[in-house]
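*Asks:* Have a look at this prediction, sequence included:
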Amino acid sequence: MNKADLTKRPAEVASMFDEVSTHYDRMNTVLSAGNDHLWRIATTRAIAPRPGELVLDVAAGTGTSSAAIAAEGAHVVAADFSAGMIEVGTARQAGNPRVEFVQADATQLPFGDDEFDAVTISFGLRNIVEPKKALAEFLRVTKPGGRLVVCEFSAPPQPLLRNAYYAYLKYGMPVVARLASSNAPAYSYLMDSIRAWPRQRQLAGWLRNAGYERVAYRNLTGGIVALHRGFKGAAS
């Protein structure tokens, strides 16, 4: 069984996701008590995809988020570092002409400058060894005036909820993962990565430092998840 650690070595992270790819979406629903569906709806609304737009979905996994975006009429490039995720996603989205899969490193995207109307990443930024470099790449491939939407686990600002959530991560999630997953050790990485991830204001600062304008965030489920959005400046 493969489990990445907080050094986030790309080969280890990719291998870990390869191993869990078949049951990844089901486990997300189980571990989040079904809230993953609500977070996906909120993310799609924040992206506000329109027919004819080109959207890059980074760390797209099996394409569940990409399909939700494509349902609004946009064409979605679903990029992921894991070959296993892409294999499962390609099979699941085989009948969807508005979703195409590309294996890609988020810090070295194989796309031209100013190519996408919107870029989004859900629950993947914290798995990237150089997230600030990835944010710079997202800005590069976004069209002037385009937007970035980041959906990521965060820290509930209310202490009681935060403590209860961290207790679930430490004690509850490992039990559920052992019962429901074929690679329970991989899900202990999830707890480690969430606890180590910057809080909302710090991540918003990263977006501003990368060059995004009108950066804002809002909490979902009491701050267990935060939705960040920023815009690329218009061409001069």
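*Replies:* All right, it came through fine. Numbers count the residues shown, from 1 in each chain.

*Asks:* CA only for contacts and neighbour counts going forward, please
*Replies:* Fine.

*Asks:* Residue 193 - that's part of a helix, no?
*Replies:* Yes: under DSSP: H, G, I helix; E, B strand; the rest coil, residue 193 falls within a helix.

*Asks:* now stretch 223-233: how far from the chain's centre is it?
*Replies:* 12 Å (CA atoms, centre = their mean, to the nearest Å).

*Asks:* For the helix or strand hosting residue 100, which strands pair with it and how are they oriented?
*Replies:* Assigned by DSSP states H and E, residue 100 belongs to strand 99-103. Here strand 99-103 has these sheet partners by DSSP bridges: strand 75-80 (parallel).

*Asks:* Output the contacting helices and strands for the next helix or strand after the strand it pairs with.
*Replies:* Using DSSP H and E, the next helix or strand after strand 75-80 towards the C-terminus is helix 83-92. When contacts are defined as 3 or more CA pairs under 8 Å, 6 or more residues apart in numbering; DSSP states H and E, helix 83-92 sits against helix 10-20, strand 99-103.

*Asks:* Please identify the buried residues of helix 83-92?
*Replies:* 83-90 (16 or more other CA atoms under 10 Å).

*Asks:* Now render these as TSV, adding pLDDT and distance to residue 165.
*Replies:* Shown next, in TSV, are the buried residues of helix 83-92 (pLDDT from 0 to 100; distance: CA to CA, whole Å):
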residue	pLDDT	distance to residue 165
83	88	32
84	88	30
85	85	28
86	91	31
87	91	33
88	90	31
89	91	30
90	94	34
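
*Asks:* Now for the residue most central in space within the chain: which residues touch it?
*Replies:* Geometric centre of the chain, nearest residue: residue 122, 2.0 Å, by CA atoms, centre = their mean. Contacts for residue 122 were tallied using CA atoms under 8 Å, 6 or more residues apart in numbering; they are 58-60, 65, 150-152.

*Asks:* out of these, who has the most neighbours?
*Replies:* Highest neighbour count within the contacts of residue 122, by other CA atoms under 10 Å: residue 58, with 30 neighbours.

*Asks:* distance of it from residue 170?
*Replies:* From residue 58 across to residue 170, the span is 28 Å (CA to CA, to the nearest Å).

*Asks:* likewise residue 196?
*Replies:* 13 Å.

*Asks:* what do you get for residue 95?
*Replies:* Residue 95 is 40 Å from residue 170, by CA to CA.

*Asks:* higher neighbour count, these two?
*Replies:* Neighbours per residue (other CA under 10 Å) separate residue 95 from residue 170, with residue 170 holding more: 15 against 9.
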